[in-house]
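> Sequence and predicted model, in that order:
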Amino acid sequence: MRAMQISHPRHFAIVPAAGSGSRMAAARPKQYLSLLGRPLIHHALSVLCAAPAIDAVFVVLSVDDTEWATHDWSALGPKLRPLFCGGATRADSVLGGLRAIAGEAAAGDWVLVHDAARPCLAPWHVDKLVRELAHDEVGGLLAVPVADTLKRADEHRHVCETVPRDSLWQAQTPQMFRYAMLRRALEGAREVTDEASAIEAAGLRPRLVQGDATNLKVTYPLDLHLAEWILENREGHNA
Ligand SMILES: Nc1ccn([C@@H]2O[C@H](COP(=O)(O)OP(=O)(O)OP(=O)(O)O)[C@@H](O)[C@H]2O)c(=O)n1
Ligand SMILES: C[C@](O)(CO)[C@H](O)COP(=O)(O)O
């Protein structure tokens with residue numbers, strides 16, 4: 001690891017893409033499902049590679065991934081770097097990616113972790129996150145305020161409580177933290193479903209940067225149709 005860079009940190013994207021997509025129940029991992037004629041993962045990678053603020057985009061693939069090599073990624077340019085070091089969980093995959101780039105990342109460089117399964121990432125999402133967190137001591141994440149009334153269910157799916165939604169947000173990605181801080185946090189907290197949780201477990205408070213609902217995660221089959229609609233109807237149609 002190099003010395004802390006305070007003045008001009010670089011920005012690296014890490015895209016965990018080593019999941020199996022079990023909830024999608026498709027014949028192949030969801031990151032490779034076709035979305036507007038391209039692998040689903042291609043859409044977010046395209047935005048990240050084109051973002052002026054981002055210096056390199058590391059895709060964390062499963063160790064035995066055989067599909068990556070069957071696609072042509074050349075249109076995305078030289079920033080794109082596959083790493084075959086995915087782990088058993090999302091957190092393991094992200095940590096594997098952080099370890100793999102230890103030789104080139106400095107402690108103070110920013111890392112933006114973005115799910116391969118969020119294909120509707122837009123350039124303005126990245127710009128807003130990077131701009132709003134540029135001078136933040138901790139970092140943070142894109143998120144949207146909860147809009148629905150929330151119910152807690154018992155084991156029979158009867159409502160046992162209405163949970164006040166004030167100050168509740170839904171976490172999205174990218175989640176942006178300093179390299180050394182994020183690596184240390186994930187080394188210490190592996191049972192987490194996002195990077196911010198690891199940072200919180202380390203006693204810090206990530207900042208919430210308001211995104212929007214178009215940056216959805218493709219989890220179930222219906223989400224694929226929603227993603228397609230969003231990309232097709234987005235102003236400027238950057239799909
Ligand atoms: N061992 C894992 C598990 C997940 N991911 C990645 O983390 C992101 C978010 O995870 P999720 O939506 O849960 O994807 P899957 O684990 O593939 O889906 P499921 O939970 O339905 O199996 C995805 O881009 C996925 O590829 C990963 O890199 N390594
Ligand atoms: C990181 C994330 O996308 C934020 O909403 C989410 O936590 C991933 O969770 P999953 O259970 O791995 O889908």
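Looks like it came in fine. Ligands and ions are numbered 1, 2, ... in the order given.

> Next up, the contacts around the residue in the chain positioned nearest to ligand 1.
Going by Cβ to the nearest ligand atom, ligand 1 is nearest to Gly19 of the chain, at 2.1 Å. (Each C-beta comes from the backbone N, C-alpha and C, glycine too.) Contacts for Gly19 (Cβ atoms under 8 Å, 6 or more residues apart in numbering) come out as Pro29, Lys30, Gln31, Arg90, Ser93, Ala116, Ala117.

> three-state assignment of the last one?
Same thing as Ala117. Under the three-state scheme (DSSP: H, G, I helix; E, B strand; the rest coil), Ala117 adopts coil.

> residues near it, how many?
Neighbourhood size, Ala117 [other Cβ atoms under 10 Å]: 26.

> Within its sheet, name the partner strands of the longest strand belonging to the chain and how each one runs.
Assignment by DSSP state E gives strand 169-178 as the longest strand of the chain. Applying DSSP bridges, strand 169-178 is found paired with strand 110-113 (antiparallel), strand 139-145 (antiparallel).

> Reformat these as JSON lines; add mean pLDDT and mean neighbour count.
JSON lines is the format used below for the strands paired with strand 169-178 (pLDDT from 0 to 100; neighbours: other Cβ atoms under 10 Å):
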{"stretch": "strand 110-113", "mean pLDDT": "98", "mean neighbour count": "27"}
{"stretch": "strand 139-145", "mean pLDDT": "98", "mean neighbour count": "21"}
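
> Throw the ones you listed into a markdown table and include distance to ligand 2, thanks.
Below are these laid out as a markdown table (distance: least, Cβ to the nearest ligand atom, whole Å):
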| stretch | distance to ligand 2 |
| --- | --- |
| strand 110-113 | 8 |
| strand 139-145 | 8 |
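
> does the residue of the chain closest to ligand 1 count as helix, strand or coil?
Gly19 ends up coil, using three-state DSSP.

> Can you check the pLDDT for Ala239?
Looking at Ala239, its pLDDT reads 40.

> swap that for Arg2, sorry
For Arg2, the model assigns a pLDDT of 55.

> Now do the buried residues in the lengthiest helix in the chain.
Longest helix of the chain, by residue count under DSSP state H: helix 221-233. By neighbour count with 16 or more other Cβ atoms under 10 Å, helix 221-233 contains the buried residues Asp223, Leu224, Ala227, Glu228, Ile230, Leu231.

> What of stretch 80-89?
Of the residues in stretch 80-89, Leu80, Pro82, Leu83, Cys85, Gly86, Gly87, Thr89 count as buried by neighbour count, 16+ other Cβ under 10 Å.

> In strands only, show me the residues you listed.
Using DSSP E, these in strands are Leu80, Pro82, Leu83.

> Output those as TSV; include the columns distance to ligand 1.
Formatted as TSV, those follow (distance: Cβ to the nearest ligand atom, whole Å):
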residue	distance to ligand 1
Leu80	16
Pro82	12
Leu83	11
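
> Identify, from those residues, the entry nearest to ligand 2.
Of all these, Leu83 has the smallest distance to ligand 2: 18.5 Å, by Cβ to the nearest ligand atom.

> dump the residue contacts of the closest one.
Phe58, Val59, Val60, Leu61, Gly96, Gly97, Ala100, Ile101.

> mind listing the strands for the protein?
Using DSSP E, strands in the chain cover 11-17, 34-35, 38-39, 56-61, 80-84, 110-113, 139-145, 150-153, 159-163, 169-178, 207-210.
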